[in-house]
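A.B. asks: fold the following and give me the result.
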Amino acid sequence: MKRTSWIGICLTVAMAAVSFGEDKCPKSEFQSIFNGYDLSGWHGEYTMDPRKLAEMPEAERAAKMAEWQADALKHWSAKDGELINDGEGVYLTTDRLYSDYELVIDYKTIPVADSGIYLKSNPQVQIWNHKKENPSPGQDKGSGGLWNNSPGAPGKDPTEIADRPFGEWNEFKIQQVGTRTSVWLNGKHIVDHAIMENYWDRKAPLVARGPIQLQTHGGEIRWRNIKVREIGPVEANEILRSHHNEGYTSLCNGKDLSGWAGEVNNYEVVDGAIRCKPGTGGVLHTKDEYADFVARVEFKLPVAGNNGLAIRYPGKGNAAFEGMTELQILDTEHSSYKSIDPRQTHGSVYGMIPAYRGYLRPVGEWNFQEVTVQGSKIKVELNGSLILNGDVAEVTEFLENKPHPGKDLKSGYFGFAGHGDAVEFRNIEIKKLDAAK
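C.D. replies: Down below sits the predicted model:
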């Protein structure tokens, strides 16, 4: 299991800052989110799909929140620096929403309790009694796993039992970047960079921002030392890049376009990043071809920026049609794109498979994207959230009924499909994969 070195991350980020002439090693510190004597900053909320809660009519949602808050005041209290729940009632929920962050929290519970921590309103980092007679499936593995992940999925079970005896305090550190989740219990790294599946909709990623919830479930539980450290985009990108990073080849030397072909006159290298020259475009592509691969890239969009990743490009023609596809790189939330077809949004397999929206960082910030192409299947992970998981072989309906003759190509070039905007790319890496079976 890969254990992240935080000193190493800071050094790597600092070196990147020197290379690119911007960005700094993050300085954020943990902030307490429980004052020790009342429920300020928290409210009662029951378990439900956060998207459905957000879609409720305002009056209905307000009434439901008031009902939950009344319930919380019956079953939750604060005393001597501890949050105490009697084992019943709704879940105590942060008023604040979080995107990328680390949470540290201590808990102490009793043998009959079955509790957990919801992240972005999603169940859950599990807490339970691994010594119970006739345990539920998986209970014997101990606390700290992402229990509501699918059977066999990474992170569902902790790698080892790290629970302390009942009556003693246990210490969690939980890191979440997008949906990528790591858990330490009592100093042991028991979940490593696993995707936390969306319990409410297995095909969709978690919401981009959401609260932290403390679950109640059948027995008294106490919490203390509750602190959160929000993770900025530079550090988040480095965390995402530092995991499972063996076997990648860099495609950009940060100085010039050596190793690239195609429309080289329409691109330039600025502060270590490849940038499409404004008012130009076309496909800049690798000199080598790739069949199955994983590509990682950071990109930064200008306002309303539009570009794309050319996948299995044949070396001529429109990447979206003559190539396997163009994966959109687009400032999707700009008003000018409000009414576009879902198959044109950022991360989409252009004209064929839509990606989930709402996971881009604000314009001007660097995003981290990982693309996996294996056989006819494509995955797109943006800032730690899996926004597309599709198979072009299954596509039967196309945008404007236009044919995509290249979608079944088995190999081709990787590159960028510019559309006149100064979109930037850096930390471009690729790893060849064995052919899909």
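
A.B. asks: make it CA atoms for all contacts and neighbour counts henceforth
C.D. replies: Will do.

A.B. asks: okay, now the sheet partners of the host helix or strand of Ile174, with direction.
C.D. replies: Assigned by DSSP states H and E, Ile174 falls within strand 170-177. As defined by DSSP bridges, the strand partners of strand 170-177 come to strand 101-109 (antiparallel), strand 180-185 (antiparallel).

A.B. asks: and the residue nearest to Trp68 when sequence neighbours are not counted, what element?
C.D. replies: Nearest residue to Trp68 in three dimensions, chain neighbours excluded: Gly44, at 5.1 Å (CA to CA, 6 or more residues apart in numbering). Under the criterion of DSSP H and E, Gly44 resides in strand 42-45.

A.B. asks: for Ser115, see how far away the residue of the chain positioned farthest from its centre is.
C.D. replies: Distance to the chain centre peaks in the chain at Glu133, reaching 36.9 Å (criterion: CA atoms, centre = their mean). Plainly put, Glu133 is 17 Å away from Ser115 if you go by CA to CA, to the nearest Å.

A.B. asks: do the same with Lys431
C.D. replies: 41 Å.

A.B. asks: those two: which has the busier surroundings?
C.D. replies: Ser115 (23 against 17; other CA atoms under 10 Å).

A.B. asks: can you count the residues close to Lys108?
C.D. replies: Lys108, neighbours per other CA under 10 Å, totals 18.

A.B. asks: I figured it hits Trp223, correct?
C.D. replies: Yes. Look at Lys108 against Trp223 with CA atoms under 8 Å: they come within range, at 6.6 Å.

A.B. asks: mind naming the longest helix for this structure?
C.D. replies: In the chain, ranked by residue count with DSSP state H as the criterion, the top helix is helix 58-75.

A.B. asks: quick one: buried residues of that one?
C.D. replies: For helix 58-75, the neighbour count (16 or more other CA atoms under 10 Å) marks Met65, Trp68, Gln69, Asp71, Ala72, Leu73, His75 as buried.

A.B. asks: for stretch 194-209, same thing?
C.D. replies: 194-200, 204-209.

A.B. asks: could you dump the residues you listed to a markdown table with pLDDT?
C.D. replies: Shown next, in a markdown table, are the buried residues of stretch 194-209 (pLDDT from 0 to 100):
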| residue | pLDDT |
| --- | --- |
| Ala194 | 98 |
| Ile195 | 98 |
| Met196 | 98 |
| Glu197 | 98 |
| Asn198 | 98 |
| Tyr199 | 98 |
| Trp200 | 97 |
| Ala204 | 97 |
| Pro205 | 98 |
| Leu206 | 98 |
| Val207 | 98 |
| Ala208 | 97 |
| Arg209 | 97 |
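
A.B. asks: please flag which of the residues you listed sit within strands.
C.D. replies: Ala194, Ile195 (DSSP state E).

A.B. asks: ok, the buried residues of stretch 194-209 vs Arg275, which is closest?
C.D. replies: The closest of the buried residues of stretch 194-209 to Arg275 turns out to be Ala208 (CA to CA; 27.5 Å).

A.B. asks: surely that closest one and Tyr359 touch.
C.D. replies: Yes. Proximity of Ala208 to Tyr359 meets the contact threshold set by CA under 8 Å, at 6.0 Å.

A.B. asks: how about the strands of the stretch 201-350 of the chain, start to end?
C.D. replies: Listed in chain order, the strands of the stretch 201-350 of the chain (DSSP state E, counting those that start in this stretch) span 212-214, 221-230, 249-250, 260-262, 267-270, 273-276, 281-290, 293-300, 306-313, 325-330.

A.B. asks: tell me which other helices or strands the fourth one touches.
C.D. replies: Applying 3 or more CA pairs under 8 Å, 6 or more residues apart in numbering; DSSP states H and E, one finds that strand 260-262 makes contact with strand 281-290.

A.B. asks: one more time with 10 Å
C.D. replies: Secondary-structure packing of strand 260-262 (3 or more CA pairs under 10 Å, 6 or more residues apart in numbering; DSSP states H and E): strand 281-290, strand 412-419.

A.B. asks: next one: that strand to chain centre, how far?
C.D. replies: Mean C-alpha position of strand 260-262 versus that of the full chain (CA atoms, centre = their mean, to the nearest Å) differs by 31 Å.

A.B. asks: neighbouring strands - and their directions - for that strand?
C.D. replies: strand 281-290 (antiparallel).

A.B. asks: which of the residues in the strand it pairs with are buried?
C.D. replies: Quick answer for strand 281-290 (16+ other CA under 10 Å): Gly281, Gly282, Val283, Leu284, His285, Thr286, Lys287, Tyr290.

A.B. asks: okay but the second one is in contact with Ala320, surely?
C.D. replies: No. With contact taken as CA atoms under 10 Å, Gly282 and Ala320 are classed as non-touching, separated by 11.6 Å.
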